[in-house]
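J.: Model the following, please.
(2 chains)
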Amino acid sequence: MNPKLSNRIAISILYVIASTIVVILAALLGFIIISGLPAINWHFLTSPARAFTAGGGIGIQLFNSFYLLILTMIISFPIALGAGIYLNEYAKQNWVTSLVRTAIEILSSLPSVVVGLFGFLIFVVQFGFGFSILSGAFALTFFNLPLLTRSIEEALAAVPNEQREGGLALGLSKWETVIHIIVPAALPTILTGVILSAGRIFGEAAALIFTAGQSAPALNFTDWNPFNISSPLNPMRPAETLAVHIWKINSEGIMPDAKAISSGASAVLVISVLGFNLLARFVGHRLFKRFTAG
Amino acid sequence: MTKLLETRDLHVYYGQNEALKGIDLSFDEGGITALIGPSGSSKSTYLRTLNRMNDLIPNVTITGEITFRDQDIYAPQTDLVTLRKEIGMVFQQPNPFPFSIYDNVAFGLKLAGEKNREYLDQVVETSLKQAAVWDEVKDHLHESALSLSGGQQQRVCIARVLAVSPQIILLDEPTSALDPISSSQIESTLLKLRTDYTIITVTHNLQQASRISDRTAFFMNGEVIEVDDTKKIFMNPARKETEDYISGRFG
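T.: Have a look, this model is predicted:
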């Protein structure tokens, strides 16, 4: 076979593979969104779910998903940032560092249902947090931490060494160089990583079933005191999220419009995750432009 | 008369490998000294020991003495922050921080706690003027320094060093990543600075060394072969190795 022909064959095979992936994704998204879209309206997005009658919404679940996401980020981002800075800027190449790296890799490959069960034993039972947003946020932190740490570490590693030398040559300490130069320089990439991991957290169900719980008690959206049990901000209340709600409707939903609600909720979930991805691109691009071209 | 900066019997080892084999050099106030020599002659290593940038490299051992205004800079009580403000450094690759031009130049002062806006404005302007880049950037001081060309970036980096008013400026092949026009702009900038600052520059460009420097030190294999007035080194070198290198017979 001559090289020209083999090249052409290779290229066509690669094209076929690439377009297959795109087609699968498009079909999947198209199916979910088209079948879910008719169910979505303002009432659906804002009203509480109903267990036995038709006409329920996903308002509380949607709020829970976002609240859980924010709490998880508040807990996991500082830890991941610290770990990323340590691994990339300070850690020496020795067995301790490779132990830490291996631990992070193992943590990231744990099945989320195992993380959920572990969270159940530790936070729900042992620490007595009960089925609560807080338990869920801690479980999701386990789930999120390895990937976030890795993406922050990579973002820092992408900052050229000349920047570090420049800082040190100006008489900055290593810590000042990291905080005032390296982290700001890596910020666009770090933010992209944060938003992408937000998408993953948002869609997570298995780790939450046993930690944040499967019930969504009615909330009083006029009461913003986090210590009241019906307040949306109370971190100690059980909180079924959107992804858990979808799972639950499909396994034991007995309301007459279960199918429509499930499709609608799935579409909302997928659109939100897509939104996170687009936002990540947009924010990363904008920040990059601001830093490089005024 | 005491020297501004002096190294005596300076040895640097990377692990077992001896990179500098006993360097005795001294620098008076003012003027430009060029360090030339073939690749691997450790002239950059020498430059980087002068503001202790080599401290960062693992496995490095430094013996001998470096005195700056009669103070041993490797003494335990040396304050690295002060030292590196007194002895600034410009690198081969322009490395402005990903901030605005203004913030780049004001960075050293701001971090040292300077808050007076008028004073900062003034220092930024003076430094950029000294670095001969003010006219090109004065209308967009608050745009990112990364949007500038390589030559402009390098001059902003020089301004960044000047802003903390150092005594000595070390330059590690400051023009080797730049095009000829930007290089000659940097050269004329350095020539303007030579009366107020003591400048030590590593260069691979022999024409550049002969154009801008007052004194030249020829390095080879971790040793200083010859150091003298630039004119003498280029017209009438005392050592055979120097002559061979200058005339392009090796290196």
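
J.: C-alpha only now, for contacts and for neighbours.
T.: Will do.

J.: which SSE is the nearest residue to A:Ala139 once chain neighbours are set aside in?
T.: Counting by Cα to Cα, 6 or more residues apart in numbering or on different chains, the nearest residue to A:Ala139 once its immediate chain neighbours are dropped is A:Gly119, at 5.2 Å. Secondary structure from DSSP states H and E places A:Gly119 in helix A:112-119.

J.: and B:Ser39, what pLDDT?
T.: Looking at B:Ser39, its pLDDT reads 88.

J.: residues touching residue 28, list them.
T.: No chain specified, so I'll use chain A. Contacts for A:Leu28 (Cα atoms under 8 Å, 6 or more residues apart in numbering or on different chains) come out as none.

J.: Can you look at chain B instead?
T.: Residues in contact with B:Asp28, defined by Cα under 8 Å, 6+ apart, are B:3-5, B:198.

J.: From those, list just the buried residues.
T.: Among the contacts of B:Asp28, those that count as buried by neighbour count (16 or more other Cα atoms under 10 Å in any protein chain shown) are B:4-5, B:198.

J.: ok, so of those, who is nearest A:Phe127?
T.: In terms of Cα to Cα, no member of the buried ones among the contacts of B:Asp28 lies closer to A:Phe127 than B:Leu5, at 63.4 Å.

J.: What sits closest to the closest one if chain neighbours are left out?
T.: B:Phe68 (4.5 Å).

J.: so the one you found touches B:Arg8, yeah?
T.: No. Look at B:Phe68 against B:Arg8 with Cα atoms under 8 Å: they stay out of range, at 11.7 Å.

J.: Compare neighbour counts for the two and give me the winner.
T.: Each of B:Phe68 and B:Arg8 had its neighbours counted (other Cα atoms under 10 Å in any protein chain shown), and the higher figure belongs to B:Phe68 (21 against 15).

J.: How much space separates the more buried one from chain A?
T.: Noted for B:Phe68: a distance of 16 Å to chain A, by Cα to the nearest Cα, to the nearest Å.

J.: can you tell me which residues contact that residue?
T.: If a contact means Cα under 8 Å, 6+ apart, then B:Phe68 has B:4-6 as its contacts.

J.: Can you flag which of those residues belong to strands?
T.: The members of the contacts of B:Phe68 that map onto strands under DSSP state E are B:5-6.

J.: Kindly reformat the contacts of B:Phe68 as CSV containing distance to A:Lys259 and pLDDT.
T.: Compiled in CSV, the contacts of B:Phe68 are given as follows (distance: Cα to Cα, whole Å; pLDDT from 0 to 100):
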residue, distance to A:Lys259, pLDDT
B:Leu4, 84, 92
B:Leu5, 82, 94
B:Glu6, 83, 93
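
J.: and which of the contacts of B:Phe68 is nearest to chain A?
T.: Out of the contacts of B:Phe68, the one with the shortest distance to chain A is B:Leu5. That distance is 17.6 Å, counting by Cα to the nearest Cα.

J.: surely the closest one meets B:Glu65?
T.: No. In this structure, B:Leu5 sits apart from B:Glu65 without contact. The criterion is Cα under 8 Å, and the distance is 10.6 Å.

J.: now the helix ranked longest in chain A, how far from the centre of its chain.
T.: Ordering each helix of chain A by length in residues (DSSP state H) puts helix A:258-293 first. Centroid displacement of helix A:258-293 relative to its chain, using Cα atoms, centre = their mean, to the nearest Å, is 11 Å.

J.: Give the rounded mean pLDDT of it.
T.: Averaging the model's pLDDT scores along helix A:258-293 yields 87.

J.: and the residue of the stretch 1-150 of chain A found nearest chain B, helix, strand or coil?
T.: Per Cα to the nearest Cα, the residue of the stretch 1-150 of chain A with the smallest distance to chain B is A:Lys92, at 9.7 Å. Here A:Lys92 takes the coil state, with states given by DSSP: H, G, I helix; E, B strand; the rest coil.

J.: buried set for the helix or strand of chain A at the bottom of the mean pLDDT ranking?
T.: Comparing every helix and strand of chain A by mean pLDDT, DSSP states H and E singles out helix A:258-293 as the least confident one, with a mean of 87. Of the residues in helix A:258-293, those with enough neighbours to count as buried (16+ other Cα under 10 Å) are A:258-270, A:273, A:276-277, A:280-281, A:283-284, A:287-288, A:290-292.

J.: which parts of the stretch 151-294 of chain A sit against chain B?
T.: Proximity of the stretch 151-294 of chain A to chain B (Cα under 8 Å from any Cα of the partner chain) is limited to residues A:162-163, A:165-166, A:168-173, A:181, A:184-185, A:290-294.

J.: Can you turn the buried part of these into a PyMOL selection?
T.: Filtering these down to the buried ones (16+ other Cα under 10 Å) takes a single PyMOL command:
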select buried, chain A and resi 162+163+165+166+168+169+170+171+172+181+184+185+290+291+292+294
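
J.: Setting aside sequence neighbours, what's the nearest residue to residue 227?
T.: Going with chain A. For A:Phe227, the nearest residue in space outside its immediate sequence neighbours is A:Asn234; the separation is 5.7 Å by Cα to Cα, 6+ apart.

J.: Can you look at chain B instead?
T.: Computed as Cα to Cα, 6+ apart, the closest residue to B:Val227 that is not its neighbour in sequence is B:Ala217, at 4.2 Å.

J.: Surely the one you found forms part of a strand?
T.: Yes. The assignment for B:Ala217 is a strand, going by three-state DSSP.

J.: Now for the residue positioned nearest the centre of chain B: which residues touch it?
T.: Chain B has B:Leu170 as the residue nearest its centroid, 1.5 Å off, counting by Cα atoms, centre = their mean. B:Leu170 is in contact with B:47, B:87-90, B:199-201, counting by Cα under 8 Å, 6+ apart.

J.: Would you state the helices of the stretch 51-200 of chain B in chain order?
T.: In chain order, the stretch 51-200 of chain B shows helices spanning B:80-86, B:101-111, B:117-130, B:134-137, B:150-162, B:180-193, with DSSP state H, counting those that start in this stretch as the criterion.

J.: wait, I meant chain A
T.: When secondary structure is read from DSSP H, chain A shows helices at A:3-36, A:42-46, A:59-85, A:95-109, A:112-119, A:133-157, A:161-169, A:174-177, A:183-203, A:206-209, A:242-252, A:258-293.

J.: what helices or strands is the third one leaning on?
T.: Applying 3 or more Cα pairs under 8 Å, 6 or more residues apart in numbering or on different chains; DSSP states H and E, one finds that helix A:59-85 contacts helix A:42-46, helix A:133-157, helix A:183-203, helix A:242-252.

J.: Deepest-packed of those helices, please.
T.: Counting by mean count of other Cα atoms under 10 Å in any protein chain shown, helix A:133-157 has the highest mean neighbour count of those, with a mean of 25.

J.: ok, back up a step: closest to A:Asn41 out of the helices of the stretch 51-200 of chain B?
T.: Of all these, the one in closest proximity to A:Asn41, counting by Cα to Cα, is helix B:101-111 (48.9 Å).

J.: wait, does the closest one make contact with chain A?
T.: Yes. Interface with chain A: helix B:101-111 contributes B:Gly108 (Cα under 8 Å from any Cα).

J.: And the contacts of that helix?
T.: For helix B:101-111, the external contacting residues (Cα under 8 Å, 6+ apart) are A:170-171, B:96-97, B:120, B:123-124, B:127-128, B:137, B:140-145, B:156-157, B:159-161, B:163-164.

J.: Please repeat the previous calculation with a cut-off of 6 Å.
T.: B:124, B:141-142, B:144-145, B:160 (Cα atoms under 6 Å, 6 or more residues apart in numbering or on different chains).

J.: Buried subset of those residues, written for PyMOL?
T.: Here is the PyMOL selection string for the buried members of these, based on 16+ other Cα under 10 Å:
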select buried, chain B and resi 124+141+144+145+160
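
J.: Adding pLDDT, write the contacts of helix B:101-111 out as JSON lines.
T.: Compiled in JSON lines, those are given as follows (pLDDT from 0 to 100):
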{"residue": "B:Val124", "pLDDT": "96"}
{"residue": "B:Leu141", "pLDDT": "94"}
{"residue": "B:His142", "pLDDT": "92"}
{"residue": "B:Ser144", "pLDDT": "90"}
{"residue": "B:Ala145", "pLDDT": "92"}
{"residue": "B:Arg160", "pLDDT": "95"}
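
J.: Alright, that wraps it up for me.
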